Structure formats: structure tokens, C-alpha cells
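Colleague: Predicted structure and sequence below. I'll ask about it afterward.
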Amino acid sequence: MKPLNNETIKTSVLIITRNRSKMLEGCLESLVKQTRMPDELIVVDNASTDNTKRVVLSFNKKLPVKYVQEKQIGIPYARNKGIKTARGTIILMLDDDCVADKFWVEKMINAHKKYPKAWVIQGRTYSLPPKKICSVLAEYHRSFHFRNSIKNPLPMRIFFSKGLRDEVELLTCNTQNFSIKALYLKKHKLLFDENFYRGSDTDFGKQIMQKNGLIMFCPGIQIYHWERCTLNQFLEQRWHTGRTTAKISYKWKTSTFAENMLSPRMPFALLLFCRASNQLTNLPILLVLLFLDRLYRLNGYFYQKRLLSLEKPKV
């Protein structure tokens, strides 16, 4: 692979969206403020019925935007449409409910230069609104999942005391804050599995690992994500997470049941997290939400397992 430099690097930022024009506008505004402008910005409209198109086109003079439509509803359909449209040597992905730090594009480029063998650079996501219970719990889930996804994980006491500060190798990825060298997409014919409505990024990470790709986590590359802050939104999200783990298990022939259980180490990890982030006063309500989280994940897991069993041909 040729070394990356400012002359050979061309960046494509990919955002997919559906009926979230207000959040999308905030996301696009954060790209206007970048210290390095992307070479192209692709916004894939996944059959929106609101004013998404008008919002996107209003940025024509501020950003090198391409408005693309994908009528087949589904996250992987929209991402694949964006990948096929992109012309950059590095494709950066950002969710429409996120706001990028002003150095986001610049730091992604620098990370790919620093790690030329990395297929993927994974950045650090922070939760909005800050200090809300939903955000605190989301940060905990992100930290706990991240710790379990490090190639060489630290003991929990050390990990939560240090926080997410080290650049390390990961075994999975999250497309909220993510970039990949287009060379590897083309060489290995990587696309998002369109059988996944949610969780296709987890499956995408497994595809990369299967082909011995390198995913590097660089915490200095930062974005901010608006969390689901009502109880109904939170529980619906956790139910879908349970469904995703069942689909991952079915496709990759692995056991994901334990991921949905409330193991003894999870409350302990939550305690360590609260202590490190000065959230001990919120520990009781967080424990209740953690219990509900596991309950809804298990429900979603068994629901999806039942659907998958009905799809199997009868012998």
C-alpha cells in the first residue's frame, strides 16, 4: 500500500438519515466548522418524508455536499449506497444524530497516516445531553462494551480508573465515529449485510476481523451523540440490541446469550464507572435501569431467536 500523504488523501464523509432533519442540520453545521474540509460529503436520504432534502441542499454553498436517495428503507441499504457513491481514499462515517468536534476530519486523516496498516480508525463518542441519567448510562454501556472489545483488555479496576485514553487495537467497530480506507473496501468487497436492520456495524466489524483487518481506537477523535432520553426510547433501543445479538449469533455461529444476562460483574463495573466519573449519587437509579436494560435485551433476544427458528426449513 502506498504511504498516505496530503496529495493522495481524499476524504468522503458519509451520513445516512431518515426523518431527522433537525438533528441532521446540527450535524452538518458541525462539519462546516471543520479545520479541514472533507473533499466530498455524501448524505443518503433513506426515504424521508420530512424536509430532509431542503436541509441538505441549504448547505450547498458551505459544504461539498452530494444528496443521494435510497428508497429501500434500512440502515445497511443506505450505507451501501453511500459507499458505492463515495470517491475518497478514506471514507468517514458519522451518524445524523451526532455533532463532530471541529478537528474530527483532520484527526481522522492524521490517525490513518500514523497507522498505515489500519483498515479502520474508530473515534471516541461522548453522550449528549451531558450529566443526564440517559447519558450517564450510555457512557457506562459504551465503556463496558469497549473494555470487552479491546484485543488485550485491562482488569476492570485499572480500566475504569484510567478511562478511554489509550490508543489500542479493537475487535469491533461502531459507525457513529468511524473511518475506513477505501482500498480495503474494494479489495475485500466489504459491504454492510442488508439482512440486519440494526446492528449491521457489529456484523461489519466481524467481517473485518474475519479477514484479519486492523481496527485502531483513537480517543482524541471525538464526536457527541444525542442519546434516547425517555424511558420508552431507551427500552426500545435495548430490545432491538437484544434482537441484534440473536442475529449475530445466528449468522456467525457464536453464543451471544450471556451478553444479554445481568452478570455479577456488571453492577461491579457500574460501581467502578460511577466512582471514576463522580456519579455515585446516581448509582441506585442506574442499577434499576441496568436491570430493565437486561430484561428488555433478553426479551428482544428470545423474540428474534423465535423468528429465526420459524425461518428454518422443515426437515
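Modeller: Cool, got the structure.
Colleague: What is the least confident helix or strand in the protein?
Modeller: Lowest on mean pLDDT, DSSP states H and E among the helices and strands of the chain sits helix 156-162, with a mean of 83.
Colleague: now for that one, which elements pack on it?
Modeller: Judged by 3 or more C-beta pairs under 8 Å, 6 or more residues apart in numbering; DSSP states H and E, helix 156-162 is in contact with helix 133-149, helix 265-276. Bear in mind the C-beta positions are built from the backbone N, C-alpha and C, glycine included.
Colleague: and these as JSON lines, adding mean pLDDT?
Modeller: As requested, the helices and strands packed on helix 156-162 are exported to JSON lines (pLDDT from 0 to 100):
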{"stretch": "helix 133-149", "mean pLDDT": "91"}
{"stretch": "helix 265-276", "mean pLDDT": "93"}
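Colleague: Buried deepest among those helices, which one?
Modeller: helix 133-149 (a mean of 19; mean count of other C-beta atoms under 10 Å).
Colleague: And the contacts of it?
Modeller: With contacts defined as C-beta atoms under 8 Å, 6 or more residues apart in numbering, helix 133-149 is touched by 125-129, 153-154, 156, 159-160, 163-164, 170-172, 217, 225, 227-229, 234, 266, 269-270, 273-274, 277, 279, 282, 285-286, 289-290, 293.
Colleague: Same check on stretch 118-127?
Modeller: With C-beta under 8 Å, 6+ apart, stretch 118-127 has contacts from 98, 104, 107-108, 111-112, 115, 134-136, 138-139, 142, 164, 170, 173-174, 176-181, 184, 208, 213-225, 227.
Colleague: do stretch 283-293 as well
Modeller: 133, 136-137, 140-141, 234-235, 238, 262, 266-267, 270-271, 274, 279.
Colleague: and the two most separated of those?
Modeller: Pairwise distances among the contacts of stretch 283-293 were taken by C-beta to C-beta; the largest, 22.8 Å, belongs to Leu235 and Leu271.
Colleague: So Leu92 belongs to a helix, correct?
Modeller: No - assessed with DSSP: H, G, I helix; E, B strand; the rest coil, Leu92 is strand; it does not lie in a helix.
Colleague: what's the closest non-adjacent residue to it?
Modeller: Ser179 (4.3 Å; C-beta to C-beta, 6 or more residues apart in numbering).
Colleague: try Asn260
Modeller: Asn260 sits nearest to Arg297 (C-beta to C-beta, 6+ apart), 4.2 Å away.
Colleague: Equivalent analysis for Asp201, please.
Modeller: Using C-beta to C-beta, 6+ apart, the nearest residue to Asp201 is Thr175, at 4.2 Å.
Colleague: Buried by neighbour count: which residues of stretch 61-69 qualify?
Modeller: Buried residues in stretch 61-69, counted by 16 or more other C-beta atoms under 10 Å: 63-68.
Colleague: Dump the C-alpha coordinates for it into CSV.
Modeller: Output of stretch 61-69 as CSV, limited to C-alpha atoms (Å, rounded to 0.1, in the frame of the first residue of the first chain):
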residue,chain,number,x,y,z
LYS,A,61,-22.5,26.7,-0.6
LYS,A,62,-20.9,25.7,2.7
LEU,A,63,-20.0,22.1,2.1
PRO,A,64,-19.2,19.9,-0.9
VAL,A,65,-22.4,18.0,-0.5
LYS,A,66,-23.9,15.3,-2.6
TYR,A,67,-27.6,14.5,-1.9
VAL,A,68,-28.4,10.8,-2.7
GLN,A,69,-31.7,9.0,-2.2
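Colleague: Contacts made by it with the rest, please.
Modeller: 28, 31-32, 37-45, 47, 53, 56-57, 59, 81-82, 85.
Colleague: Which members of these are positioned in strands?
Modeller: For the contacts of stretch 61-69, the ones inside strands are 40-45, with DSSP state E as the criterion.
Colleague: With neighbour count and distance to Thr202 added, can I get those in JSON lines?
Modeller: What follows is these, written out as JSON lines (neighbours: other C-beta atoms under 10 Å; distance: C-beta to C-beta, whole Å):
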{"residue": "Glu40", "neighbour count": "19", "distance to Thr202": "27"}
{"residue": "Leu41", "neighbour count": "23", "distance to Thr202": "25"}
{"residue": "Ile42", "neighbour count": "24", "distance to Thr202": "23"}
{"residue": "Val43", "neighbour count": "27", "distance to Thr202": "24"}
{"residue": "Val44", "neighbour count": "25", "distance to Thr202": "20"}
{"residue": "Asp45", "neighbour count": "24", "distance to Thr202": "24"}
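Colleague: I'd like these written out as TSV, with distance to Arg20 and pLDDT added.
Modeller: Output for the ones in strands among the contacts of stretch 61-69, formatted as TSV (distance: C-beta to C-beta, whole Å; pLDDT from 0 to 100):
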residue	distance to Arg20	pLDDT
Glu40	21	98
Leu41	17	98
Ile42	17	98
Val43	12	98
Val44	13	98
Asp45	11	98
